[in-house]
Every structure is written in C-alpha cells, then in structure tokens.
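Visitor: below is the structure, and that's it, no one-letter string:
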C-alpha cells in the first residue's frame, strides 16, 4: 500500500525533525516543507509549534501559512496541530499579559493553566473523548506534555447532520483540553512524537484516516 504523503509545515518553528521521524515510523511519507503546492495537496498536513503563541502566529502569517491551513480545511483535507500548533487553532491566545489573534478555527482563548508549578512538563494521562479515532487502542496510555498554556473551555456547537467533535481532557491541577478531533481538523496539546509507542499509535490512527493514493 502506498504511504500517505504528510507535509510537516516548515515555518521556522524550531526542531521538528522528531515529528518527521515519528510520522515516518507511523507509516507516512513525511516531508518537512514550505512548498505551498505540497502543503495544499498532501494527504495530511501537520502544523507543529513550539514557543509563544504570538511568535508562532507571527511566523505563520509571515509565510501566509494561515491561508493554506484555512483552504485545506474548507476543502475537507486533514490537518493535525501539535502543541502550540493546536493552540493557534483557537480564536485568541494570552501569554504573560500579551494577547494575539489565532486562526479562529475553534472558539475560545488559550491562557495559562492555573497550577502552582509550571510548565506542565512530563507524562500524563488523558480523559478520552467519546467517539475518538486518535486514541483507539491507547485510551489508558500516558502522553508527553511540555506547556504552560492551554485551552480550558470548549464551546463549539455543531448542528446535525455534522458529527459532534471528540474532545479529550487532561488535568494538571486544573482541567484543560488535551486533544480535539473535529472533522478534518485534529490537534493534540501533548507531543505524540515524544510519547513513545503510544504516540506512534496515535499518529498511525490519524494517518489511517488519510487514504493512501499517490498525489
């Protein structure tokens, strides 16, 4: 079977080679790229993100990548956001008093977790959302988190016949959203590429939704 092509968006987010390696291990033909045609036409697109919300949004806009993400999703083409790549899918982020507009694919504000110790760094369990595809077979596993901010409320209303999103939660003194599966857009606050076999399985589950025909 042909390996689905997954574009890993290269917009200067830092070292994302571990994500490329993990996607390859999970069965994709992963390609770190800025090429707009490949970003649009790949079977799947991964939006990584490390650092501050505002800086990631600035880098995405500098490359006009937010337009490509929006166009892919409008066409029903799969996108996976990771860590800050998940956070920017929301309307807004506030970090150390500085606010920035996000991509606005989901309503809500990303803000600092209420916890005595930050960042939330290390392994944690999750409360898997109903109907999840990403967590199939790994519902009781631990995943690797490194973050201080997160979305902490979910308010998107989806009307039939569209399926309800699957929202997965985690707790670090307070609850926050650990993953969302909403049609072609999925995202994880944790790093699947740093989460061992459980992370590889999650990526396999996502890749399995993409199809395997060549471009």
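Guide: Received the coordinates, thanks. Quick caveat, the model's predicted, so the values are computed rather than measured.
Visitor: in the protein, which helix is the longest?
Guide: Using DSSP state H, we find that the single longest helix of the chain is helix 196-207.
Visitor: which parts of that helix are buried?
Guide: Buried residues in helix 196-207, counting neighbours by 16 or more other Cβ atoms under 10 Å, are found at 198, 199, 200, 201, 202, 203, 204, 205, 206, 207. The C-beta positions use only the backbone N, C-alpha and C, and glycine is treated the same way.
Visitor: tell me the SS of the spatially most central residue of the chain?
Guide: Nearest to the mean C-alpha position of the chain, by Cα atoms, centre = their mean, lies residue 81 at 2.1 Å. At residue 81 the chain is in strand, as set by DSSP: H, G, I helix; E, B strand; the rest coil.
Visitor: what bridges to it?
Guide: Beta-bridge partners recorded for residue 81 (DSSP bridges): residue 47, residue 187.
Visitor: my read is that it contacts residue 89, right?
Guide: Yes: if you go by Cβ atoms under 8 Å, residue 81 and residue 89 touch, sitting 5.3 Å apart.
Visitor: common neighbours of these two, please.
Guide: With contacts defined as Cβ atoms under 8 Å, 6 or more residues apart in numbering, the residues shared by residue 81 and residue 89 are 185, 187.
Visitor: tell me where this structure has strands.
Guide: 5-9, 29-33, 44-47, 78-82, 90-95, 98-101, 106-112, 120-124, 143-147, 149-151, 166-172, 174-182, 185-188 (DSSP state E).
Visitor: okay, these in JSON lines with distance to residue 62 and mean pLDDT next?
Guide: Listed next are the strands of the chain as JSON lines, based on distance: least, Cβ to Cβ, whole Å; pLDDT from 0 to 100:
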{"stretch": "strand 5-9", "distance to residue 62": "13", "mean pLDDT": "97"}
{"stretch": "strand 29-33", "distance to residue 62": "16", "mean pLDDT": "97"}
{"stretch": "strand 44-47", "distance to residue 62": "15", "mean pLDDT": "98"}
{"stretch": "strand 78-82", "distance to residue 62": "18", "mean pLDDT": "98"}
{"stretch": "strand 90-95", "distance to residue 62": "17", "mean pLDDT": "96"}
{"stretch": "strand 98-101", "distance to residue 62": "14", "mean pLDDT": "93"}
{"stretch": "strand 106-112", "distance to residue 62": "20", "mean pLDDT": "97"}
{"stretch": "strand 120-124", "distance to residue 62": "29", "mean pLDDT": "97"}
{"stretch": "strand 143-147", "distance to residue 62": "23", "mean pLDDT": "98"}
{"stretch": "strand 149-151", "distance to residue 62": "22", "mean pLDDT": "98"}
{"stretch": "strand 166-172", "distance to residue 62": "31", "mean pLDDT": "98"}
{"stretch": "strand 174-182", "distance to residue 62": "26", "mean pLDDT": "98"}
{"stretch": "strand 185-188", "distance to residue 62": "21", "mean pLDDT": "98"}
